[in-house]
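Undergrad: Structure for this input, please:
(one chain, ligands or ions: 2)
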Amino acid sequence: MAFFITADECIQCDVCRLECPSGAIFSDEQQYQIDPYLCTECVGYFPESQCAAGCPVDAISPDPDFVESRDELEHKFQLIAEIQNSC
Ligand code: SF4
Ligand code: SF4
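TA: Ligands and ions are numbered 1, 2, ... in the order given. Got it, this is the predicted structure:
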C-alpha cells in the first residue's frame, strides 16, 4: 500500500520530500505528491513511514486504492535499491 498526500491539508513544508528514502515525493505545480510506484511504505529503509510520521499536519495516509503485500513492497525496495546503488 503506497501512501498519498491530501492536498487540502498540506501546508507545503517540504519535510516529507526530504525524509523520503526512495525519492517518491515530489512537488508538482505547488502540490506535493507521492509516486506510488516508488513508495515502499518505507519497507527496507525504516520501521515506519517517515513521511507520515514527520508531517506536521497529518496530511499523509495509506492509499486504500494501492494495496500491496509485504513481499511486493520488499521486491519494490530491492529494485529501487539496485537503481540507487548504480547511480
Ligand atoms: Fe517515501 Fe516512506 Fe513516505 Fe513511501 S512511506 S513516500 S517510501 S517516506
Ligand atoms: Fe505537505 Fe505534510 Fe509533506 Fe509538509 S510533510 S509538504 S505538510 S504532506
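Undergrad: Got the phi and psi for residue 18?
TA: Phi and psi for residue 18, reported as degrees, to the nearest 10, are phi -70, psi -30.
Undergrad: next one: residue 78
TA: phi -60, psi -40.
Undergrad: again, but for residue 53
TA: Summarising the backbone geometry of residue 53 under the convention degrees, to the nearest 10, its torsions are phi -70, psi -30.
Undergrad: The closest residue to residue 42 other than its chain neighbours and residue 29, how far apart?
TA: Setting aside the residues directly before and after it, residue 42 is nearest to residue 49 in space (CB to CB, 6 or more residues apart in numbering), at 5.0 Å. Every C-beta, even on glycine, is put in place using the N, C-alpha and C of the backbone. As for residue 49, its distance to residue 29 is 24 Å (criterion: CB to CB, to the nearest Å).
Undergrad: hang on, residue 73 in a strand?
TA: No. According to DSSP: H, G, I helix; E, B strand; the rest coil, the state of residue 73 is helix, so it is not within a strand.
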